[in-house]
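> Have a look; sequence and predicted model below, questions after that.
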Amino acid sequence: MDVRNKPIGVFDSGIGGLTVAGEIMKLLPKENIVYFGDTARVPYGPKSSEVVTQFAFEGLRFLLGKDVKLIVVACNTVSATCLDKLCASSPVPVIGVIEPGAKAAVAATENQVVGVIGTERTIKSCAYERAIHALNKQIKIHAKACPLFVPLVEEGWLENEAVFYTAKTYLEPLKNQGIDTLVLACTHYPLLKLTLEKVMGETVRLVDSAWETAREVQRILIDKNLKRQDNSPAFYQYFVSDNPEKFIQVGENFLKRPINPINVIDPQI
C-alpha cells in the first residue's frame with residue numbers, strides 16, 4: 001500500500017481524544033483515522049509515570065499494528081510523561097498536544113496571565129510552563145489540577161449541577177488571579193466547555209489544543225509528503241478497551257456523527 005493512503009492513529013486514555021480526532025476530521029476530511037481510547041484504565045492522571053509510560057507503549061504498539069502512518073498522542077498526561085520516549089521508539093512520526101496548546105495560549109493572552117488546568121500528572125510535570133516560557137518568559141502561569149473532570153466526562157456528565165459546582169470550586173482561585181486565558185490541558189476538558197465558560201465568564205479565553213494539534217498534523221503530512229492520495233471516502237475506526245456503550249453515547253453527542261462499528265480490545269495483547 002502507498003504509505004500516503006495509510007491511516008492516522010489517535011491514542012487517548014478514553015473519550016477526550018475525540019476532541020482532537022474531530023478537528024482532524026474537519027481539517028483533513030480525506031484522511032483515514034484509527035482511534036484507540038483506553039477506557040478500561042482511564043483516568044491516567046493519578047497514575048505513576050511508570051504506569052502511564054507502560055500504558056502509552058501498549059497504545060503505541062496497538063496503533064503501529066494497524067499500519068498507521070502517523071500517531072497523535074491526544075492525551076496531555078502521556079504527552080507530559082513520555083512523549084520523547086514514544087517518539088524515539090516509533091518508526092512513524094509521533095506528535096503530542098502540549099506544544100500546539102502552548103503556542104495557542106501565548107497567542108491568545110493579552111495581559112500575560114495564563115491559567116492551566118489538567119490532570120495531576122500533567123500539572124506536576126510543569127510541561128506547559130516549560131513550553132509556554134520557551135515562547136514567552138514574561139507570561140505568568142497559574143496551574144491547577146482538576147482530577148474530577150475526567151471521570152465526570154467519562155460518565156457523560158457535561159453540563160449538570162454537579163459539574164458546575166465542581167468547576168466553580170476548582171476555577172474560582174484561578175479567576176481571582178486575573179487570568180485572561182485558560183488552557184484546557186486535557187483533551188477531555190473541551191467536552192465541558194459550556195460549563196467552563198459559565199464559570200469563567202466572557203473575559204477569559206478558553207484554549208484547547210485540539211485545533212492547533214490538527215494543524216500540526218496537517219503540517220507534518222505536507223512536509224513529509226504523506227497526504228492521502230486515494231479519493232474514496234475516508235473511514236474512521238474506533239477501538240476501546242472497555243465500556244463501548246458509554247463511549248458511543250458521549251462520543252456521538254460530541255462528534256455529531258455515528259461511531260459505528262466500535263471494537264473492544266485488550267491493549268496488553
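Received it, and whenever you're ready, just let me know what you need.

> Go ahead and confirm residue 38 touches residue 268.
No: the pair residue 38 / residue 268 is not scored as a contact, 10.4 Å apart, by Cβ atoms under 8 Å. Where C-beta positions appear, they are placed from N, C-alpha and C, glycine not excepted.

> Among these two, which residue is more densely surrounded?
Neighbour count, other Cβ atoms under 10 Å: between residue 38 and residue 268, residue 38 has more, with 25 against 12.

> Identify the bridge partners of residue 115.
On DSSP bridges, the residues paired with residue 115 through beta bridges are residue 142, residue 182.

> Return the residues in contact with the closest residue in space to residue 93 that isn't next to it in sequence.
In this structure, residue 93 finds its nearest non-sequential neighbour in residue 70, 4.9 Å apart by Cβ to Cβ, 6 or more residues apart in numbering. Taking Cβ atoms under 8 Å, 6 or more residues apart in numbering as the criterion, residue 70 is in contact with 8-9, 92-95, 217, 220-221, 226.

> Highest neighbour count among the residues you listed?
residue 9 (29 neighbours).

> quick one on the thing from earlier: from residue 11, how far out is the residue nearest to residue 93?
11 Å (Cβ to Cβ, to the nearest Å).

> Next: residue 32.
With distances taken as Cβ to Cβ, residue 32 is found 15 Å from residue 11.

> swap in residue 105?
Noted for residue 105: a distance of 23 Å to residue 11, by Cβ to Cβ.

> next one: residue 17
Summarising the geometry, the distance separating residue 17 from residue 11, computed by Cβ to Cβ, is 7 Å.

> what sits in contact with each of those two?
With Cβ under 8 Å, 6+ apart applied, the overlap between the contact sets of residue 17 and residue 11 consists of 35, 72, 74-75.

> Among those, name the ones in strands.
With DSSP state E as the criterion, strands contain 35, 72 from among the shared contacts of residue 17 and residue 11.

> Just list whatever residues bridge to the residue nearest to residue 93.
Beta-bridge partners recorded for residue 70 (DSSP bridges): residue 8.

> What distance do you get for it to residue 110?
When Cβ to Cβ is the yardstick, residue 70 and residue 110 sit 34 Å from each other.

> likewise residue 170?
For residue 170, the distance to residue 110 - Cβ to Cβ - is 23 Å.

> okay, those two: which has more neighbours?
Remark: of residue 170 and residue 110, residue 170 carries more neighbours, 18 against 8, as counted by other Cβ under 10 Å.

> Tell me which other helices or strands the helix or strand where the more buried one lies touches.
Secondary structure here is read from DSSP states H and E; on that basis residue 170 sits in helix 161-176. Using 3 or more Cβ pairs under 8 Å, 6 or more residues apart in numbering; DSSP states H and E as the contact criterion, the elements in contact with helix 161-176 are strand 113-118, strand 140-145, helix 149-155, helix 193-200.

> Spell out, range by range, the helices that occur in the chain.
Counting by DSSP state H, the segments of the chain that form helices are 18-27, 49-65, 76-89, 98-108, 120-125, 127-135, 149-155, 161-176, 193-200, 210-223, 244-255.

> What lies in contact with the longest one?
Under the contact criterion Cβ under 8 Å, 6+ apart, helix 49-65 has outside partners 9, 11, 13, 34, 36, 38, 41, 44, 47, 71, 73, 75, 77-78, 81-82, 85-86, 89-92, 94, 121, 239, 265, 267-268.

> average pLDDT across it?
The average pLDDT for helix 49-65 rounds to 97.

> And stretch 160-176, by the same measure?
The average pLDDT within stretch 160-176 is 96.

> Quick one: end-to-end length of stretch 240-260, please.
Terminal residues of stretch 240-260 lie 12 Å apart, using Cα to Cα, to the nearest Å.

> So for it, what gets flagged as buried?
Neighbour counts using 16 or more other Cβ atoms under 10 Å place 240-244, 246-248, 250-251, 254, 259 of stretch 240-260 among the buried residues.

> Going by distance to residue 175, which of those residues wins?
If you rank those by distance to residue 175 using Cβ to Cβ, residue 254 comes first, at 25.8 Å.

> so the closest one touches residue 191, yeah?
Yes: taking Cβ under 8 Å as the definition, residue 254 is a contact partner of residue 191 at 5.9 Å.
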